[in-house]
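J.: model this:
(2 chains)
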Amino acid sequence: MADATANDAPPGEDRTQTKRSWKARFNQSDTLKGFSLLSPTLFVLIIGIIIPFGILITISLWTAVGFGFDTSLTLNNYQTAAEQPLYGALLSRSLMVSGWATVATVVLSYPMAYYVAFHVHRNKMMWIVLMTLPFWTSYLLRVFAWKVVLGYEGVINSALMGLGLIEAPLEFLLYSTDAVIITLAHAWAAFAILPMYVSLEKIDKSLLEAATDLGDGPVARFLRITLPLSMPGIISACLLIFIPTTGDYITPALLGGPDGLMIGNLIQLQFGPVNNWPMGATLAIILMLTIAAIALVFLVLTKLVKDRLT
Amino acid sequence: MSKDVSYINRPNRPLQIYAIFFLIFLYVPVLFLPLFSFNDSIYVKFPIEGFTLKWYGELMSREPVWAALMNSVKVGIATAVFSTTLGIFAAKAITRYRIPGKGPLVGFIMLPLVVPGIIFGVALLVLFSQMGVPLSLYTVTVGHIIICLPFSIATLLPRFEGFDQSVEEASADLGENGWWTFWRVTFPIVFPGILASLLLTFTVSFDEFIMAFFLTGTDPTLPMYIWGQLRFPQEFPSVLALSSMIIVASFIIVFVGQWINRDAAFGGVKGER
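T.: Modelled structure (predicted):
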């Protein structure tokens, strides 16, 4: 074995026979090499994702006692979360708000992605950079910007009052669920545009030409070819917006008012002022399970539809 | 596009107008921040009373702002270097080797893109507290590396996939070992991607708030400082000035990053031109 591999090893290296054969064997194993390259990243993922989630689950089974924890494992927190109507109400409101924000973002962004994919021929890159640039500024700042726009003395109210269209500021603009939805739709637009753009760009344009030759009008062409073929993009856009926004707490905190709070705010409170980490961990786990379940249903449904179509 | 698809090439006026309105919707709220930062009034409202630079001047004399800026820069640089280095290893491993379970692995790396930030924030918070690690800029950096990895890998993967791999084989055939092949062949080709990844991950870290919210100790990053100031309406004008500077800096860095990496970004675009 050692003799055979020694011949394969690169010349000019004064290593001992055994070392060389080990190295040669290592060099031959693609998988080993791949994993050794990946190992730092895997290490970070284990430290940063897997272990923290394990601890989060464990803590959710503890009980807060004064400033410490009772570390005996119990499902009490989950029971409390199920029984207290507040938790369920906040969770369902979060899902509703993110749901509407997702629908608004996807519906508003689709024509944009369509326009760039089908009607822009020069400077496509410039359009994409233009559309994604605002996304790279601080999320906090984009939310703050909407506070400036919608505020009691904000841009809209002061402009309308200056024009003499209204007497007193419109209070419903700020501190409402609508304000949260508008802000989320704005803040997450890039996550909708990019996946939809990519799937629209991939559509073979000759299919559309064929449909035209066979007598389809623009509407039929869109409904029968463009829309179904861009579905993967629409679905990833939906998941990419719906999932992260359900846990958002900045937008509700700054723009939602007392009725606009979401589950994220409650989790933040448990880890902050309330100082009940086990309850906070429980709520975080419940949020994650809910999101995972919804994502799963979504993916299964799309697969069923897809199988039906093909 | 070699084929002439006539009706697609026809300009579509309504869509074009929609696209312009869409861009206005994207930009106007963000651009109100710089606009009002020059307003000579403590109130953020129309009509704008006059042009002033005093809020910027006031900002210059504030010590905590500069401390927060330095914290954000330190965290940003550390995050960019670590997540890009990890990204290079991962991108090379993913594109060059047969790895069982590659799909789930990539899924894991991309997880921070879809899992709500608050969940990652609290999960890392409980990890650090159980390990007895005090919250500091280091813990923020760890959090930022986790969420920047997907951005780094998404920037680097098209670069690693996008060139003729026989160049690497040729180098190996000519007697270069793995490391020299990487440094002399692969690295120069993927270099624009690496630069772009460094700039983008720096920007993500620099602007990041949710992780920092849970993982910052006593030294605030810049977004954390802003969050603290938002409680006081009389501080709005200087927050506006600070925000404007952050926005301009972020735009410039991202624009440069995209420009450097322009051939590799968004694979779909490349073939169509």
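J.: which stretches of the stretch 201-310 of chain A have low pLDDT?
T.: Low-confidence segments of the stretch 201-310 of chain A (pLDDT under 70): A:309-310.
J.: got the residues of it near chain B?
T.: A:201-202, A:205-206, A:208-209, A:212, A:239-240, A:243-250, A:254, A:264, A:267-268, A:271, A:277, A:280-281, A:284, A:287-288, A:291 (Cβ under 8 Å from any Cβ of the partner chain). Quick note: C-beta positions are derived from backbone N, CA and C, even for glycine.
J.: quick one, what contacts the closest residue to chain B within the stretch 201-310 of chain A?
T.: Relative to chain B, the nearest point of the stretch 201-310 of chain A is A:Gly247 (2.4 Å; Cβ to the nearest Cβ). A:Gly247 makes contact with A:94, A:263-264, A:267, A:287, A:291, B:115-119 under the criterion Cβ atoms under 8 Å, 6 or more residues apart in numbering or on different chains.
J.: ok, those vs B:Val248, which is closest?
T.: B:Gly117 (24.6 Å; Cβ to Cβ).
J.: burial count for that closest one?
T.: Residues near B:Gly117, counting by other Cβ atoms under 10 Å in any protein chain shown, number 23.
J.: over to A:Ile286?
T.: A:Ile286: 20 neighbours (other Cβ under 10 Å).
J.: cool, and the one 5 residues further on?
T.: Residues within reach of A:Ile291, counting by other Cβ under 10 Å, total 23.
J.: that one: what secondary structure?
T.: Under DSSP: H, G, I helix; E, B strand; the rest coil, the three-state class of A:Ile291 is helix.
J.: thought it was touching A:Thr246?
T.: Yes - A:Ile291 is in contact with A:Thr246 according to Cβ atoms under 8 Å; the separation is 5.9 Å.
J.: picking up where we left off before, give me phi/psi at the residue of the stretch 201-310 of chain A closest to chain B?
T.: In terms of degrees, to the nearest 10, the main-chain angles of A:Gly247 are phi -100, psi 10.
J.: hang on, the earlier thing: and the contacts of A:Gly247, which is closest to B:Thr203?
T.: Of all those, B:Thr203 sits closest to B:Gly117, with 16.1 Å by Cβ to Cβ.
J.: nearest to B:Trp259, of the contacts of A:Gly247?
T.: Using Cβ to Cβ, B:Gly117 comes nearest to B:Trp259 of the contacts of A:Gly247, at 28.3 Å.
J.: and that closest one, how close does it get to B:Leu125?
T.: 12 Å (Cβ to Cβ, to the nearest Å).
J.: do B:Phe36 as well
T.: According to Cβ to Cβ, B:Phe36 stands 35 Å off from B:Leu125.
J.: before we move on, back to that, in TSV: the contacts of A:Gly247, plus secondary structure.
T.: Listed next are those as TSV, based on three-state DSSP:
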residue	secondary structure
A:Ser94	helix
A:Ile263	helix
A:Gly264	helix
A:Ile267	helix
A:Leu287	helix
A:Ile291	helix
B:Val115	coil
B:Pro116	coil
B:Gly117	helix
B:Ile118	helix
B:Ile119	helix
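J.: mind giving me the ChimeraX command for buried ones among those?
T.: Only the buried entries of the contacts of A:Gly247 go into this ChimeraX selection, using 16 or more other Cβ atoms under 10 Å in any protein chain shown:
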select /A:94,263,264,267,287,291 /B:115,116,117,118,119
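J.: and for the residue in the stretch 1-150 of chain A that chain B sits nearest to, the neighbour number?
T.: Scanning the stretch 1-150 of chain A for the residue nearest chain B gives A:Gly34, at 2.9 Å (criterion: Cβ to the nearest Cβ). A:Gly34 has 20 neighbours, counted by other Cβ under 10 Å.
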